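Peer 1: Structure for the following, please:
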Amino acid sequence: MRAVRFSEYGGPEVLTTADVEVPEPGPGQVSIDIAYVGVNFADLKARSEGYRVASLPYVPGLEVSGRIRAVGAGVDDLAVGQEVAALTEGGAYAEVVVADAVTTFPLPAGLDLRTAATLPTVLPTAYALLHAVGRLREGETVLVQGAAGGVGTVAGQLARAAGAGRVIGVVSSPAKAEYARKYGYDDVVLADGFGAAVRELTGGRGVDLALDPVGGETLRETREALAVFGRVVSFGNASSAPAWQVGQPELYPTGLSVGGFSILGLAQTAPRELRALAERAFAVPGIDLPVTGEYPLSDAAGAHRAMGSRTTTGKLLLRVAD
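Peer 2: Below you'll find the predicted structure:
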């Protein structure tokens with residue numbers, strides 16, 4: 001089968017197409033004939049920095065949609081030919097991938113394979129950030145970094161659905177601000193000087209809950225934009241900055257809380273909790289994540305270049321099969 005992989009770390013040019021053996025599912029697993037693959041920033045960090053790469057060569061890719069090809073021992077709730085979306089531990093830039101049955105989800109009626117490929121990482125992540133970790137309460141003010149990205153697009157809508165009193169997005173350009181305002185955001189500010197802008201929008205109070213995938217100085221400024229008893233949830237380090245630290249001097253005076261979340265980490269440590277969380281997320285009606293770029297599998301490098309430019313919005317997909 002075809003697969004796109006890299007044998008060294010570097011730019012998009014290190015991605016190459018190769019013929020590899022078709023993987024077979026083990027106990028508790030299924031193999032999937034892939035229709036679409038979701039492209040995530042974690043794929044770029046794997047290619048450029050070795051993020052979560054156990055060995056080389058490595059086939060990236062964390063989420064797919066397609067049809068079940070084969071089922072492993074002990075899997076009795078999924079069937080060959082069934083249309084599914086799945087979260088994987090890698091290997092999804094290919095024609096076939098193996099996934100754990102517990103993180104493979106049958107498609108609800110009416111959900112097509114193209115749309116389904118946008119959901120396995122983004123929707124459960126956004127739901128967990130707001131509810132499981134962030135514990136959003138009705139009427140609270142929410143701040144979301146990267147509001148025009150995949151998680152940001154969904155988080156704005158989920159916050160609105162949960163009854164947030166005000167949803168503020170942070171983006172890197174006016175074009176992204178225009179996009180984000182369509183997806184649940186009351187206000188959208190530019191990243192440069194966002195802390196002061198947020199304070200002004202909230203009359204100096206700050207926000208109750210903030211979500212940050214950037215890290216570094218952005219995470220520090222996000223924490224400083226919190227209201228009394230505010231919470232910030234870190235779910236990435238897109239800046240590749242050194243690990244951010246916070247302690248008693250920052251947290252104690254106004255009772256702040258810091259949380260963290262990784263859907264890949266939860267998939268490894270508590271997959272059944274992840275499945276339950278994902279099922280709750282998929283049940284929220286009316287959530288839209290537009291596909292703003294679609295590339296053939298052979299042009300995975302093109303998708304990486306586009307995402308790496310920081311100009312994209314919504315979700316990028318690789319098309320594997322019709």
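
Peer 1: Who's the closest spatial neighbour of the residue nearest the centre of the chain, skipping the chain neighbours?
Peer 2: With distances taken as C-alpha atoms, centre = their mean, Val122 lies nearest the centre of the chain, 3.7 Å away. The shortest distance from Val122 to any non-neighbouring residue, by C-beta to C-beta, 6 or more residues apart in numbering, is to Gly150 (4.4 Å). Heads up, the C-betas are built off the backbone N, CA and C, glycines and all.

Peer 1: after the helix or strand of the chain with the lowest mean pLDDT comes which helix or strand?
Peer 2: Lowest mean confidence among the helices and strands of the chain (mean pLDDT, DSSP states H and E): helix 248-251, at a mean of 86. Downstream of helix 248-251, the next assigned helix or strand under DSSP states H and E is strand 257-260.

Peer 1: got the contact list for that following strand?
Peer 2: Where contact means C-beta atoms under 8 Å, 6 or more residues apart in numbering, the residues beyond strand 257-260 that reach it are 133-134, 223, 229-235, 246, 251.

Peer 1: ditto for stretch 99-112
Peer 2: 28-32, 64-65, 68, 71-72, 75, 77-78, 82-89, 113, 116, 120, 267, 271-272, 274-275, 278-279, 282.

Peer 1: From Ala101, how far off is Ala42?
Peer 2: Relative to Ala101, Ala42 is positioned 22 Å away (C-beta to C-beta, to the nearest Å).

Peer 1: Help me confirm that Leu274 is found in a strand?
Peer 2: No - secondary structure assignment (DSSP: H, G, I helix; E, B strand; the rest coil) places Leu274 in helix, not in a strand.

Peer 1: Let me see the contact set for it.
Peer 2: Shown in contact with Leu274 (C-beta under 8 Å, 6+ apart): 87, 102-103, 124, 263, 266-267.

Peer 1: For the stretch 1-150 of the chain, which residues score under the pLDDT cut-off?
Peer 2: Scanning the stretch 1-150 of the chain for pLDDT under 70 picks out no residues.

Peer 1: circling back to that earlier point, can I assume the residue nearest to the centre of the chain is in contact with Gln157?
Peer 2: No - the criterion here is C-beta atoms under 8 Å, and Val122 misses it with Gln157 at 11.2 Å.
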